[in-house]
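**Q** sharing a model that was predicted from the sequence below.
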Amino acid sequence: MSTDRVLKAGVLGATGTVGQRFIVLLAQNPMFSIHALGASERSAGKAYVLATKWKMSEQLPEEVRNVIVHPCAPEHFGGCDVIFSGLDASVAGDIEKAFFEADFAVFSNAKNYRMHPDVPLCVPVVNTDHYAVVAGQRQARRLKRGFIVTNSNCSTSGLVVPLKALQDRFGALQRVMVTTMQAVSGAGYPGVASLDILDNVVPLIPGEELKMEEEVLKILGGVAADGAACTPLTDLRVSATCNRVPVIDGHTECVSVEFAGTPPSIEEIKQCLREYTCEVQDLGCFSAPKHVIYVAEDEDRPQPRLDRNAGNGMSVTVGRIRKCPVFHVKFTLLVHNTVLGAAGASILNAEYAAKKGYI
Ligand SMILES: NC(=O)c1ccc[n+]([C@@H]2O[C@H](COP(=O)([O-])OP(=O)(O)OC[C@H]3O[C@@H](n4cnc5c(N)ncnc54)[C@H](OP(=O)(O)O)[C@@H]3O)[C@@H](O)[C@H]2O)c1
C-alpha cells in the first residue's frame, strides 16, 4: 500500500485513557483519518462526546464528537486499514484475535499478545527489526493480510530506549536495576482512588514488575534466523520495583546498569545517548522524534511536569548520569506513559508498517 494514501483508522477502547490519547494524536497526524470507534456495550450506540469522560488537556477534536461508538466487533470496522487497540486486558485477547483473524492490521497496547514468540513487542524507536516475525505469524495463524503488533508496558518503553543505545554501542549488559515512579494516568480512568494517591506513594502496581523484567529481555533480544520467533536475551538480569506517585502523566525511572565488558566513561555514555538514532527516523516517519533521547543538562532534571512532552511525548529524557558504586552507571529517565508508552508508539508502529509495506 502506498504511504501517500491516508489510512483509515479504527480505535478499540476509544473511550479510555489510551483511547483518548489515540484520538488526540490521530487527529494531528496527516497519515490517518479516524474512521470508526469502539468500546464496551456501556458506550456502544452513543455519540463519542457522550460516551467518554474527556480527560485530555487538548480539546476533543470536532470531527470526532458525534461519531457513534460501536461494539468492538470486526463487522463494525469495515473499510479500516488499521486498528489501534487501547482495550482493557481483560477483553483484549479475544477481541484483538477476532480482528487480526478478520484480516485487520492490529496495533495493541494490551499485554495479552506481547510475549507470544511470533508477535513483535515493538517500541518503534528501538526494535523495528522484530517485524521480521510478521510473515511467520501470518503463516502459522493462517492469516492473509491480518497481523498483530504490540507495544510494551509504559514503563518498559522508557527503560529500553537508553538500554538499547548502550547495548548497541558498548556491547551486552549484565544487570539492570530500575525503580519507577509511575503517573496515575498509567492506571487508566478512573484508576487509583484520590484518597489512595494524594499525599502518598503506593509501593505496588500489581503485575508491573514482572512485565518490565520480561519485556526488556524480548525487546532487547533478536529474531531467529528463519524469522519464526523472537529470541529474548538470556544473559541479562533485570530487577524492577514499581511505585505509583501523584503525578498525572509521565513515568520517572531510576536505573542502574552493569555492562558485561569494560564499562565506558560517563562522558562516553552521554555521547552515546545523545547520538542514538533509529530506523523510523531514517524513514522519515511522521511521529518519529527528532531526538530519541534528550540528555538533560540541568542536574535536577528530568521532571515529569517539565520534560514529559519532550519530542511531543515521543522522546525519552535522561539525566543524573553518574557512576554507580555498586553497578557501573546510574541515571534517571522520564517517558510520557500514554504517548511513547502507549498510543504514540502504536501509531509510529503503524507508520513504520505502512512504509515497509505490511499494511
Ligand atoms: N494508561 C497507560 O498509560 C497505558 C500504557 C500502556 C499500556 N496500557 C494498556 O492499554 C490498555 C488500555 O488502558 P487504559 O489506561 O486506557 O484503560 P481504561 O482507561 O480503563 O480504558 C479501557 C477501555 O477498554 C474499554 N472496554 C472495557 N471493557 C470492554 C469490553 N468488554 N468490550 C469493549 N471495550 C471494553 C473501555 O470502554 P468503556 O469506556 O465503554 O468501558 C475503555 O475504552 C490496557 O490494556 C493497559 O494495560 C495503558
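**A** Thanks, I have the structure now.
**Q** in this structure, spot the helix with the most residues.
**A** Longest helix of the chain, by residue count under DSSP state H: helix 154-170.
**Q** the following helix or strand past it pairs with which strands?
**A** Using DSSP states H and E, the next helix or strand after helix 154-170 towards the C-terminus is strand 173-182. Sheet pairing of strand 173-182 (DSSP bridges) gives strand 237-244 (parallel), strand 251-259 (antiparallel).
**Q** closest to the ligand out of those?
**A** Counting by Cβ to the nearest ligand atom, the ligand lies closest to strand 251-259 out of the strands paired with strand 173-182; the figure is 8.1 Å. No exception for glycine: its C-beta is placed from N, CA and C like everyone else's.
**Q** end-to-end on stretch 226-234?
**A** Start and end residues of stretch 226-234 are separated by 19 Å (Cα to Cα, to the nearest Å).
**Q** how far off centre is that stretch?
**A** 20 Å (Cα atoms, centre = their mean, to the nearest Å).
**Q** now do it, average pLDDT.
**A** Averaged across stretch 226-234, pLDDT comes to 96.
**Q** how about the residues of the protein by the ligand?
**A** Neighbours of the ligand within the chain, by Cβ under 6 Å from any ligand atom: 13-19, 39-40, 42-43, 72, 86-89, 91-92, 109-111, 154, 185-186, 188-189, 337-338, 341-342.
**Q** quick one on the thing from earlier: deepest of the strands paired with strand 173-182, which one?
**A** strand 251-259 (a mean of 22; mean count of other Cβ atoms under 10 Å).
**Q** give the next helix or strand downstream of it.
**A** Using DSSP H and E, the helix or strand that follows strand 251-259 towards the C-terminus is helix 266-275.
**Q** may I see the buried residues of that following helix?
**A** Neighbour-count burial for helix 266-275, counted by 16 or more other Cβ atoms under 10 Å, picks out 269, 270, 272, 273.
**Q** now that helix against helix 154-170, angle please.
**A** Interaxial angle, helix 266-275 versus helix 154-170 (axes from the mean of the first three to the mean of the last three Cα atoms, to 10 degrees): 110 degrees.
**Q** show me what helix 266-275 is packed up against.
**A** Applying 3 or more Cβ pairs under 8 Å, 6 or more residues apart in numbering; DSSP states H and E, we find helix 266-275 packed against helix 154-170, strand 293-295, strand 316-323.
**Q** other SSEs contacting the shortest one?
**A** Using 3+ Cβ pairs under 8 Å, 6+ apart, the elements in contact with strand 293-295 are helix 154-170, helix 266-275, strand 316-323.
**Q** what about the closest residue to the ligand within the chain, how many neighbours?
**A** Relative to the ligand, the nearest point of the chain is residue 16 (2.0 Å; Cβ to the nearest ligand atom). Look at residue 16: counted by other Cβ atoms under 10 Å, it has 23 neighbours.
**Q** from now on call the first residue 27
**A** Happy to do that; since the first residue is 27 now, the last one works out to residue 42.
**Q** grab the nearest non-local neighbour of it.
**A** residue 112 (5.3 Å; Cβ to Cβ, 6 or more residues apart in numbering).
**Q** returning to that earlier point: just send the helices and strands packed on strand 319-321 back as a markdown table, with mean pLDDT too.
**A** Shown next, in a markdown table, are the helices and strands packed on strand 319-321 (pLDDT from 0 to 100):
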| stretch | mean pLDDT |
| --- | --- |
| helix 180-196 | 98 |
| helix 292-301 | 98 |
| strand 342-349 | 98 |
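**Q** good, we can wrap up now.
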